[in-house]
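> here are the coordinates; sequence isn't available:
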């Protein structure tokens, strides 16, 4: 119930015509039209026509702002087109609708990893584990993110040491401490 009230406040704060949006959300009178549009988008998505599918999902979301499936398919289409930031934004919207959905946290974590945002990815995997301690896939992805982060950190450290070492040698050569 508290979540429902929060979502209504979110609609009021984020929409140009808040009364219309709240009425649509409470009455759900546009849900049938939104589902029809969503199905068209899903068909386009399955045909790999992602740009057109996104347009249909946009329309479905406009008709029913709490239609979680439309956000999920739209984020998948955006990810297929390489728009990882857009996919993350859709996952954020999904979390407003379904704040306890572990799959959403896992998927957002995966998208953060694609951007090398390991801290955010690990946080999302940890949130999924907190919601469902038996969610093995989240443990796997969190462990993989830690490993990937450590490998990149080691590589960066190695590069830094190489640069410092070469700078040190160059300085010693200039000062005459090393003669070739």
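Ah, there it is. Source: prediction; values computed, not measured.

> can you give me the buried ones in the longest helix along the chain?
Secondary structure of the chain per DSSP state H: the longest helix is helix 136-175. Neighbour-count burial for helix 136-175, with 16 or more other Cβ atoms under 10 Å as criterion, is recorded at 138, 141-142, 145, 149. Where you see a C-beta, it was placed from the backbone N, CA and C, and this is true even at glycine.

> quick check, nearest of the residues you listed to residue 165?
Of all the buried residues of helix 136-175, residue 149 has the smallest distance to residue 165: 24.3 Å, by Cβ to Cβ.

> spatially nearest residue to that closest one (excluding sequence neighbours)?
residue 118 (3.8 Å; Cβ to Cβ, 6 or more residues apart in numbering).

> do you have the helices of the chain handy? List them.
Under DSSP H, the chain gives helices at 2-14, 18-27, 31-46, 50-63, 68-80, 84-97, 102-114, 118-131, 136-175.

> as TSV, those with mean pLDDT would be great.
Below are the helices of the chain laid out as TSV (pLDDT from 0 to 100):
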stretch	mean pLDDT
helix 2-14	62
helix 18-27	62
helix 31-46	94
helix 50-63	96
helix 68-80	97
helix 84-97	96
helix 102-114	96
helix 118-131	94
helix 136-175	79
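
> residue contacts, the residue nearest to residue 41 when sequence neighbours are not counted?
Leaving aside its sequence neighbours, residue 41 sits nearest to residue 56 (Cβ to Cβ, 6+ apart; 3.1 Å). Residues near residue 56 by Cβ atoms under 8 Å, 6 or more residues apart in numbering: 37-38, 40-41, 44.

> residue 56 and residue 75, how far apart?
Distance from residue 56 to residue 75, counting by Cβ to Cβ, to the nearest Å: 14 Å.

> one more: residue 104?
9 Å.

> which neighbours do the two have in common?
91, 94.

> mind listing what residue 34 touches?
60-61, 63-64, 67, 70.

> what subset of those residues is buried?
Counted by 16+ other Cβ under 10 Å, those give 60-61, 63-64, 67, 70 as buried.

> for the residue nearest the centre of the chain, give me its contacts.
Centroid-nearest residue in the chain, with Cα atoms, centre = their mean: residue 88, separated by 2.5 Å. Residues counted as contacts of residue 88 (Cβ under 8 Å, 6+ apart) are 75, 108, 111-112.

> got a winner among these for most neighbours?
residue 75 (27 neighbours; other Cβ atoms under 10 Å).

> so how far is residue 176 from it?
From residue 75 to residue 176 the distance is 61 Å (Cβ to Cβ).

> that's all I had, so thanks and see you.
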